[in-house]
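1. With the sequence up front, the predicted model follows.
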Amino acid sequence: MDLRLVGFLTVFGLLITATHTYLYRRLVRDVTQRPRVRRLGRLLFIGLALTLLAGLVAARTLPRPAAVAAGYFAYTWMGLVMLMVPTLVVLDVLKGALHLGRRLRRDPAPADPARRALLAQGAAALTTLGAGTAGAVAFSGAHADPELVQVRVPIVDLPPALHGLRIAQLSDVHVGPTIGGELIEHLVRRVNALKPDVVALTGDFVDGGVAALGDFMKPLGQLESRHGSFFVTGNHEYYSGADAWIAWFEAQGIRVLRNERVELHHDGAVLDLLGIDDLRAFGPGHGPDLVRAAQGRDPKRPSVLLAHQPKAIFQAAELGLDLVLSGHTHGGQIWPASLVVRLVQPYVKGLHAHTDKTRIYVHSGSGYWGPPMRLKAPAEIALVTLERVEPSKS
């Protein structure tokens, strides 16, 4: 078994154990003194933890109808856990602050057990009700039609012929346990209706192998644009058999950019389109190499880099590229996860000017990963339009 998979399963198992233990203590043990209720609560959370782990495996191994059912149950519960835990942590921080305040005031009054139990019950009720409500809103959000986001990117001294060039970007669809071919068909219809000049596919399109998901993905071969469709790998392609998927995309007529550059000739002007392997790529012959991709490039020509992770912006800026199109973050997907994403990625979503020259657009994803939920981070189809800006005369 791959050591990366072993490491992931170990960390994930520890995380599931820790979160369910925490939920049991805050939602059951702190709420009641009755041994029978505590015992039933303990069995419930042990069962939910085991069901979650088993459901994630079943979602990728069972026949499709059973896999979808297992996936929805397991991942929906995962989403509720992601909503409940931060709520309880905030309440615990507030409780700790109040306790510290009493200590600093040297309040001699002992804690009232009845009042403490009432507060614990209130916190449990607030958390359960809040997570349930937010979960319902997030579930609806994940199944809403992806928003069309119009992005206008100013590029200094862009050749006039490239002014108005349009790139349709899809990213992070995550076809797999709970997403099938219907979403791919819908995305293709909407992109084709936009009549873009270029289609950019910035990784994490699958959570599973070609044999299981290839038929669901086939509509991607019907994408239409003036200069064609271009794909770069995300980390989930590597978890799902990157070599097989790269060959599959190429067979559909979609150009996979692997640390390389292509010249797009558009009305007499040239745009450099670059693409790199994902930063988490692994296996012989895989791994990002932007220097190689940019080798021989005329620095006077405008350039667009396709890179799954926003972290690529740093090297792109060093090389003087104009625009990076990325994804990976899902815009945070379930708020407040966006606050955590900010700790590991320079940008979470939207258009940003990293330097005076180099900009990045971070796509929020066209599907979702894991929990079938999106909260304050709607799915999207991005239409990126390049705009000429005159160089400053100062």
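-> Good, I have the coordinates.

2. Quick check: closest non-adjacent residue to the residue most central in space within the chain.
-> Centroid-nearest residue in the chain, with C-alpha atoms, centre = their mean: residue 330, separated by 3.1 Å. Excluding its sequence neighbours, the residue lying closest to residue 330 (C-beta to C-beta, 6 or more residues apart in numbering) is residue 365, at 4.3 Å. The C-beta positions use only the backbone N, C-alpha and C, and glycine is treated the same way.

3. what does residue 87 give?
-> residue 127 (4.8 Å).

4. SS state for that neighbour?
-> helix (DSSP: H, G, I helix; E, B strand; the rest coil).

5. what's the burial count for it?
-> Neighbour count for residue 127, taken as other C-beta atoms under 10 Å: 21.

6. Also residue 354?
-> When neighbours are counted by other C-beta under 10 Å, residue 354 comes out with 16.

7. Please tell me the pLDDT value assigned to it.
-> We have a pLDDT of 97 for residue 354.

8. Could I get the full set of helices for this protein?
-> Applying DSSP state H to the chain gives helices spanning 3-24, 35-61, 64-105, 113-142, 181-194, 210-217, 235-239, 242-251, 290-294, 313-318, 337-341.

9. okay, those in a markdown table with mean pLDDT and distance to residue 172 next?
-> Output for those, formatted as a markdown table (pLDDT from 0 to 100; distance: least, C-beta to C-beta, whole Å):
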| stretch | mean pLDDT | distance to residue 172 |
| --- | --- | --- |
| helix 3-24 | 84 | 19 |
| helix 35-61 | 92 | 18 |
| helix 64-105 | 88 | 15 |
| helix 113-142 | 88 | 12 |
| helix 181-194 | 98 | 12 |
| helix 210-217 | 96 | 14 |
| helix 235-239 | 95 | 8 |
| helix 242-251 | 98 | 15 |
| helix 290-294 | 97 | 21 |
| helix 313-318 | 98 | 17 |
| helix 337-341 | 87 | 13 |
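
10. would you list the ones you listed in JSON lines and tack on distance to residue 391?
-> Converted to JSON lines, the helices of the chain look like this (distance: least, C-beta to C-beta, whole Å):
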{"stretch": "helix 3-24", "distance to residue 391": "46"}
{"stretch": "helix 35-61", "distance to residue 391": "52"}
{"stretch": "helix 64-105", "distance to residue 391": "46"}
{"stretch": "helix 113-142", "distance to residue 391": "42"}
{"stretch": "helix 181-194", "distance to residue 391": "30"}
{"stretch": "helix 210-217", "distance to residue 391": "43"}
{"stretch": "helix 235-239", "distance to residue 391": "38"}
{"stretch": "helix 242-251", "distance to residue 391": "38"}
{"stretch": "helix 290-294", "distance to residue 391": "22"}
{"stretch": "helix 313-318", "distance to residue 391": "18"}
{"stretch": "helix 337-341", "distance to residue 391": "35"}
